[in-house]
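Engineer: what would the 3D arrangement of this be:
(one chain, ligands or ions: 1)
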Amino acid sequence: MRAHLTIDPHFVVGEINARLFGSFVEHLGRAVYDGIYEPTHPTADEDGYRKDVVALVRELGVTAIRYPGGSFVSGYRWEDGVGPRDRRPRRLDLAWHSTETNEIGLNEFATWLQKVGSEMVYAVNLGTRGVQEALDVLEYANIRSGTALSDLRAEHGSVEPHAIRMWCLGNEMDHPWQLGYGTAESYAELASKTARAMRQIDPGLELVVCGSSGAGMPTFGEWERVVLEETYDVVDFISCHAYFEPYDGDYGSYLASAVEMDLFIETVAATADHVKALKRSAKTMYIAFDEWNVWYLSRYTDVERITDAGTWPVAPRLLEHAYTVMDAVVFGSLLISLLRHADRVKSANLAQLVNVIAPIMTEPGGDAWRQTTFFPFAQASSLARGTTLELKLDCPTYRTERYGDVPVVDAVATHEAESGSTAVFLVNRSLTDEVAVDVEVSHLGDVRIVRAQSLHDADVHAANLRDDQERVGVQDNATARLDGSVMRLTLPAVSWTAVTLE
Ligand code: AHR
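Structural biologist: Predicted coordinates for the structure are as follows:
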């Protein structure tokens, strides 16, 4: 099979916002406790954070981290997580049927973010709480001093304000299992009141209103319209959430998951533009894809298991998914979809970061290691700079059950004018065939291949497990070469490839 693509730096889709390479840490399972925080671990620093995890998060290149949930936030009282640790209450976490010890809260998480060099994106609870609590946490976090809550923060040891710019107005409020779930109208009213009130403290905040928790939700489309009609003038982003998995061993469709992601983004953008027209507004609503990943959700029974047992464990092993080579290729194609929509998707959060459907795994007292999905993310976050380019891609298609005919190869290119560097990310979705790709690079001028690396394996179900942590990684793709103005390379079946040119 053969594919052809043309790169031209003049055809710009949009600027890549650094926040596209965000992630997500929820008080869920072992994400926080035993994940980022384990005071008895041999690598723990003076604050109890695992240095091995900090190093991996830095290597991953995560720019912004959404916190503290997720579904957890819809029952969370932020005050529980601040002040002297020995006075913090233990609470039932209804979302994950666990006990929250509150050892880590806003101030500790801000400290950890400094160590990993990431920005905080904070979600307020609009499930069981409302306007006043959102104002309180904003005052506590961001006001320098001289008020009850800002002085309390200083008393708690965080003298400098946290300066959080981006705030999520609740989480997945369209989903019946979310605490406080209601109609689009009731959520829209609360989100609008909360946004207006928060802007009275700081008009410059960047606010994210909840869109749908998945494109398959029965209210999808209408939810976005209703919510945006009420909030358009007071928010900056609408959220999208999507998780992908194979159904009944249909790997052909699974490898084409990005088709669904593309459509999701484009449908939400179209709905937002419809509201923009209704409002005669000059403002463009951006998308915060603030939860995305591969997650074998339909096989997921961990919480049911805990619930059945009638226990409320502390930091149980939940959603600990071992990602395969094929998962990493699908994951890479989701990254391609996000980059392809860089004009509209200005923020995205890989859900999640450590232990819970995560690129990084840890064992208590033991190792921290990279899952297969770590590699595409780390490559994209370090190489995708500047703008996304419109690609002319000519390639064979294959038939899928879920999405009809789909191109065998998916690709995106990014270009940074100042440095002259270009990155190309490609996936080969074929389960059986390698694809020879010819990339026309004459419009880039004189370029050389800096590096070409692929992730693939004869066993597409291979994973990096506790006892075999480095089974899968990226390798140099030795087929990449320049032939005049054409870069030629071969993509193995079921593979992810990243190429840099300059
Ligand atoms: O990321 C795991 C969970 O998935 C989040 O808590 C929730 O928002 C989503 O349904």
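
Engineer: all helices in the chain, in order from the N-terminus.
Structural biologist: Taking DSSP state H as the test, the helices found in the chain are 51-60, 106-116, 131-142, 148-155, 184-201, 222-231, 251-255, 257-278, 302-309, 325-340, 374-383.

Engineer: winner for burial among the ones you listed?
Structural biologist: helix 325-340 (a mean of 26; mean count of other CB atoms under 10 Å). Just so you know, the C-beta spots here come from the backbone N, C-alpha and C atoms, and that holds for glycine as well.

Engineer: would you mind writing the CA trace of it as CSV?
Structural biologist: In CSV, the C-alpha atoms belonging to helix 325-340 read as follows (Å, rounded to 0.1, in the frame of the first residue of the first chain):
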residue,chain,number,x,y,z
VAL,A,325,0.6,-1.3,21.4
MET,A,326,-2.7,-1.0,19.6
ASP,A,327,-4.1,1.2,22.4
ALA,A,328,-1.1,3.5,21.9
VAL,A,329,-1.7,3.7,18.2
VAL,A,330,-5.4,4.6,18.7
PHE,A,331,-4.2,7.1,21.4
GLY,A,332,-1.8,8.6,18.9
SER,A,333,-4.6,9.0,16.4
LEU,A,334,-6.6,10.9,19.1
LEU,A,335,-3.7,13.2,19.5
ILE,A,336,-3.6,13.7,15.8
SER,A,337,-7.4,14.6,15.9
LEU,A,338,-6.8,17.2,18.6
LEU,A,339,-3.9,18.8,16.7
ARG,A,340,-5.9,18.8,13.5
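
Engineer: and the helices of the chain: which comes nearest the ligand?
Structural biologist: Within those, the stretch nearest the ligand is helix 302-309; the backing value is 10.5 Å (CB to the nearest ligand atom).

Engineer: phi and psi next, for the residue of the chain found nearest the ligand.
Structural biologist: Scanning the chain for proximity to the ligand using CB to the nearest ligand atom identifies G70 as nearest, at 3.1 Å. With angles defined as degrees, to the nearest 10, G70 shows backbone torsions of phi 70, psi 170.

Engineer: could I get the phi/psi values of the spatially closest residue to it that is not a sequence neighbour?
Structural biologist: Excluding the flanking residues, the one nearest G70 by CB to CB, 6 or more residues apart in numbering is E26, at 3.4 Å. Note on E26: its backbone torsions stand at phi -110, psi 150 [degrees, to the nearest 10].

Engineer: residues touching E26, list them.
Structural biologist: Going by CB atoms under 8 Å, 6 or more residues apart in numbering, E26 touches 32, 67-73, 351-352, 356.

Engineer: can you tell me which of the residues you listed is nearest V329?
Structural biologist: When the contacts of E26 are compared for distance to V329 (CB to CB), A351 comes out closest, at 18.5 Å.

Engineer: check what pLDDT that closest one gets.
Structural biologist: In this model, A351 is scored at 98, pLDDT.

Engineer: bridging residues for the nearest residue to it once chain neighbours are set aside?
Structural biologist: In space, not counting the residues next to it along the chain, A351 is nearest to E291; the distance is 3.9 Å by CB to CB, 6+ apart. E291 has these beta-bridge partners by DSSP bridges: H241.

Engineer: adjust the sequence numbering to begin at 262 for everything that follows.
Structural biologist: Yes, from this point I'll number from 262; that puts the last item at E552.

Engineer: wait, E552 sits on F285?
Structural biologist: Yes - in this structure E552 lies within contact range of F285 using CB atoms under 8 Å: 6.3 Å.

Engineer: which residues are common contacts for those two?
Structural biologist: Taking CB under 8 Å, 6+ apart as the contact criterion, the common neighbours of E552 and F285 are 327, 331, 610, 612.

Engineer: for this protein, which residues are neighbours of the ligand?
Structural biologist: Proximity of the chain to the ligand is confined to 287, 330-332, 432-433, 474, 552, 612-613 under the rule CB under 6 Å from any ligand atom.

Engineer: what about the closest residue to H722 other than its chain neighbours, how many neighbours?
Structural biologist: The spatially closest residue to H722, leaving aside those adjacent along the chain, is T585, at 4.8 Å (CB to CB, 6+ apart). The burial metric for T585, expressed as a neighbour count using other CB atoms under 10 Å, is 22.

Engineer: circling back: of E552 and F285, which one has the most company?
Structural biologist: Neighbour tally, E552 and F285, criterion other CB under 10 Å: the higher count belongs to F285, 29 against 25.

Engineer: residues in contact with the more buried one?
Structural biologist: Contacts were defined as CB under 8 Å, 6+ apart; by that measure F285 touches 326-328, 331, 551-552, 610-614.

Engineer: a markdown table for the residues you listed, including distance to S419?
Structural biologist: Formatted as a markdown table, the entries for those read as follows, by distance: CB to CB, whole Å:
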| residue | distance to S419 |
| --- | --- |
| I326 | 17 |
| R327 | 20 |
| Y328 | 15 |
| G331 | 23 |
| D551 | 25 |
| E552 | 27 |
| N610 | 24 |
| L611 | 27 |
| A612 | 27 |
| Q613 | 24 |
| L614 | 22 |
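
Engineer: so what touches the lowest-mean-pLDDT helix or strand in the chain?
Structural biologist: When the helices and strands of the chain are scored by mean pLDDT, DSSP states H and E, helix 563-570 comes last with a mean of 84. Contact partners of helix 563-570, identified using CB under 8 Å, 6+ apart, comprise 290, 357-359, 573-574, 577-580.

Engineer: who wins for neighbours among the shared contacts of E552 and F285?
Structural biologist: Comparing the shared contacts of E552 and F285 on neighbour count, R327 comes out first with 31 neighbours (neighbours: other CB under 10 Å).

Engineer: just checking, that one touches V385?
Structural biologist: No - because the distance of 11.8 Å does not satisfy CB under 8 Å, R327 is recorded as not touching V385.

Engineer: cool, thanks, talk later.
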